[in-house]
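> no letters, just coordinates:
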C-alpha cells in the first residue's frame, strides 16, 4: 500500500469517527433496551402500596382570596386521581380525608409533580383545639430544609388518632396538575427509591445518547449534531427538573430559583428542538414555506423567555405549550414536502415525525387542560425526554450511517482519482525523460553521419572514404541498438511477451553471444561443464547481450571481461538454479551505484561520456524476474560483478 493510500485510510477512520460503527450500534441497542424497560415499568401497575387517602375534594379559589375558615365551610366537588386544570391563575383548595391504619399516628402526603410552586397544608392542631398547624413546601423552598427532604413534595401528618380531614392549598405559576397519596413512611421511602432507580436509568440513556452525539460530532462536525447536543442537554436537565432531582442538587442559596430554572428549561427544549429539526429537514429540501415558518417560530421562545424573566411565567409557559402542540404536526407536514432523498430516507423521516406528532399531542393536551390526565402523566418528564430524544437519535443514527457511507465512497473516489493523477504524472515524467534521452542519444550518431558525408563529399581523391563509411556504419549501428533497447523496454513494460521456458544448452549459446559482441578476444569464458538452462532464448539473449555490452563499454580499453556460470542446488528436493557471473574492472566512468544501477534511465555521472539509453540494466533485471530469476550487482575486490540467477533445466 502506498503512503498516499495509508494517509487516505487514516483519513477515512477520522471521518468515520474515532467511534467504530460497532460502538454506535451497541449504544443504540443498549439505549433502546433501557428505554423499553423504563417505558414498560411506567406502563405496568406500580408496586402495591396502601394509599390511606379515603376521599379528595376540589375547590377553585378565584383570585386566591379564601382563607382556611372559608375553605373549610365551602362546598367541594370530587377530584379525579390526577388533576389537570391547565394554565390557571387561581388557587385551588383540596380537602383530603385520610384514614390511617390502626396503630399508625403519622402519614406522608406524597404530592406530585415536583414543580408545583406553593403547597400549604392545614392540619388540625392537637395542641390547640380548633386551631390549624400549617406546613408549606414547593419548588420555591429548599428541599434540604423540608421536614421530609426528597425529590417530590412531601408533607407530614402528625398525631393522627383516626380519620382526619386536612386541607391543601395549591398554587402554580405553571400548569396545574396534582396527584396526592397518603402513605406510611416506609411506603413513601419505597416509592422514592423506585422513582430514583428509574430516573437513574433515564439519566443513563440520555447520557449515552449525548456521548454518542459528542463523539460523532468530533469526527464529522455535522451541523445537525451541533444542534442536537444542546437539545439533548436541555432535554436531560428538563427531565431532572420536572421530577425534582435538579432542585435537589442545587445549592441552598439557589433553591429559591429552582422554579425559574425549571421554567427556563421548559422554554429552551423546543427552541433547540426547532434548530435541530430544521437543520435535519433542510438537507431533504422541503418546501421553502416550511423552513421559513420554523425560522419564524424561533422568535417565540425568545419572547417567552423575556416574559418569564419579567415575571409573567404562566403566559410564557402557556404559549410554550401551544408551540409544542403546533410543532409536532408542523414537522410532520414539512417532512411530507421533502424532495431530496438524503439521509435518512424520506419514508423513515416521515414515519418518525408522524410518531413524534402523535407523542407531542398526547403530552401537551393534558398540560393545557384539554383532556383528562392519566396515571402515566406523572412520568411525563421522563417519557417526553426519552421518546423525543430516542426518535431524533434514530434519525441522526441513520443520517450518520448514510453520511459515513457517502464519505467513504468519496474517499475511495478521491483515492482512485489521486492514484490516477499520480500515474499520469509519472507517465508524463517518464515520457519526458525518454524523449530527452532519445533526443540526446540520436543527436550524436546523426552528427557523426553528417560529418562522414561531408568528408566523403569533400574528398575528391577518395582517400578518406573508407573511414567515413566505417563511421557511418558505426553510427547506424548505434541507432539500431538504441531502437532495439526502446522496443525491448516497451515489450517488457507491456508484459505482452510470454516466456517460452524451453531447454537451452548454455555453453554454445554463450559462445555465440560472445562472438556477436565484436570484441570476443576480450571476453574470458571460464571452463565449465555443459549446463542446460530452461528459459526463453530470445529474452535470454537480450539479458546476456546487454550485460556483455555494458561490461565491454565501461571497462578499460583492452581489459578482460570474465564470464562464468555454474549450477546451484537449493536443496535435496529443491529446484536447480543457474548462476551466471560477469566481472570487469571499472573504466573511466567508474563503478555504478549498486542501489540505483537497475533504475530506469539511470546513468552515473561518469557514464554520460558514452552513448547509452539507461535502459540496458533495467531490462536485465526486469527480464530476469520475468523469467523466474533475478539480477544483482556487487563491487568485489575492485571489480564490477553482475550476477544473474535463472531456473535450470
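Arrived safely. These numbers come from a predicted model, not from an experiment.
> quick one: least confident helix or strand in the chain?
Least confident helix or strand of the chain, by mean pLDDT, DSSP states H and E, is helix 3-16 with a mean of 41.
> list the contacts of the closest residue to residue 537 other than its chain neighbours.
What sits nearest to residue 537 in space, not counting adjacent residues and going by C-beta to C-beta, 6 or more residues apart in numbering, is residue 504, at 5.6 Å. (Each C-beta comes from the backbone N, C-alpha and C, glycine too.) Remark: with contacts taken as C-beta atoms under 8 Å, 6 or more residues apart in numbering, residue 504 is in contact with 532, 533, 534, 535, 537, 540, 649.
> of those, keep whichever come out buried.
533, 534, 535, 540 (16 or more other C-beta atoms under 10 Å).
> helix, strand, or coil at the residue nearest to residue 537?
The local conformation at residue 504, judged by DSSP: H, G, I helix; E, B strand; the rest coil, is strand.
> gap between residue 502 and residue 647?
Between residue 502 and residue 647 the computed distance is 12 Å (C-beta to C-beta, to the nearest Å).
> need the three-state assignment for the nearest residue to residue 168 once chain neighbours are set aside.
Nearest in space to residue 168, with sequence neighbours left out and distances taken as C-beta to C-beta, 6+ apart, is residue 94 at 4.3 Å. At residue 94, secondary structure determined by three-state DSSP is strand.
> do you know the pLDDT at residue 94?
Looking at residue 94, its pLDDT reads 95.
> next, count neighbours for it.
22 (other C-beta atoms under 10 Å).
> which ones are touching it?
Contacts of residue 94 by C-beta under 8 Å, 6+ apart are 56, 57, 58, 59, 79, 167, 168, 169, 170, 178, 180.
> then residue 206?
The contact partners of residue 206, taken as C-beta under 8 Å, 6+ apart, are 232, 235, 236, 239, 385, 386, 389.
> hang on, it in a helix?
Yes - the assignment for residue 206 is a helix, going by three-state DSSP.
> look up how far residue 279 lies from residue 222.
Distance, residue 222 to residue 279, using C-beta to C-beta: 9 Å.
> what is in contact with these two at once?
Counting by C-beta under 8 Å, 6+ apart, nothing touches both residue 222 and residue 279.
> before we move on, the earlier item: identify the bridge partners of the residue nearest to residue 168.
Judged by DSSP bridges, the bridge partners of residue 94 are residue 58, residue 168.
> can you tell me which residues contact the nearest residue to residue 283 once chain neighbours are set aside?
Leaving aside its sequence neighbours, residue 283 sits nearest to residue 342 (C-beta to C-beta, 6+ apart; 4.8 Å). Going by C-beta under 8 Å, 6+ apart, residue 342 touches 283, 284, 285, 399, 402.
> now, which of these lie within helices?
Counting by DSSP state H, these place 399, 402 in helices.
> what's the spacing between residue 645 and residue 543?
11 Å.
> of those two, which one has the most company?
Set residue 645 next to residue 543 and count neighbours by other C-beta under 10 Å: residue 543 wins out with 27 against 18.
> next up, the contacts around the more buried one.
With C-beta under 8 Å, 6+ apart, residue 543 has these contacts: 619, 620, 623, 624, 627, 631, 644.
> any idea which element it lies in?
Here residue 543, judged by DSSP states H and E, is contained in helix 537-554.
> neighbours of the closest residue in space to residue 177 that isn't next to it in sequence, how many?
Leaving out its chain neighbours, the residue that sits closest to residue 177 by C-beta to C-beta, 6+ apart is residue 84, at 5.0 Å. Per other C-beta under 10 Å, the neighbour tally for residue 84 reads 21.
> which SS class is residue 84?
Going by three-state DSSP, the secondary structure assigned to residue 84 is strand.
> against residue 568, how distant is the residue nearest to residue 537?
Taken as C-beta to C-beta, the span from residue 504 to residue 568 is 17 Å.
> same deal with residue 336?
Note on residue 336: its distance to residue 568, by C-beta to C-beta, is 80 Å.
> where does the stretch 401-550 of the chain dip in pLDDT?
427-428, 430-500 (pLDDT under 70).
> which stretches in it count as helices?
In the stretch 401-550 of the chain, the segments counted as helices under DSSP state H, counting those that start in this stretch are 465-494, 506-515, 537-554.
> mind listing what's buried in the shortest one?
Taking 16+ other C-beta under 10 Å as the neighbour-count basis, helix 506-515 is seen to contain the buried residues 506, 507, 509, 510, 513, 514.
> need the contact partners of that helix.
Residues from elsewhere that reach helix 506-515, judged by C-beta under 8 Å, 6+ apart: 520, 523, 525, 528, 530-533, 537, 540-541, 544-545, 548, 563, 565, 578.
> so how do I select the buried members of those residues in ChimeraX?
Of the contacts of helix 506-515, the buried ones can be selected in ChimeraX as follows, counting by 16+ other C-beta under 10 Å:
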select :523,531,533,540,544,545,548,563,565,578
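> count the residues that sit near residue 77.
By other C-beta under 10 Å, neighbour count at residue 77 equals 8.
> ditto for the one 4 residues further on
Neighbourhood size, residue 81 [other C-beta under 10 Å]: 16.
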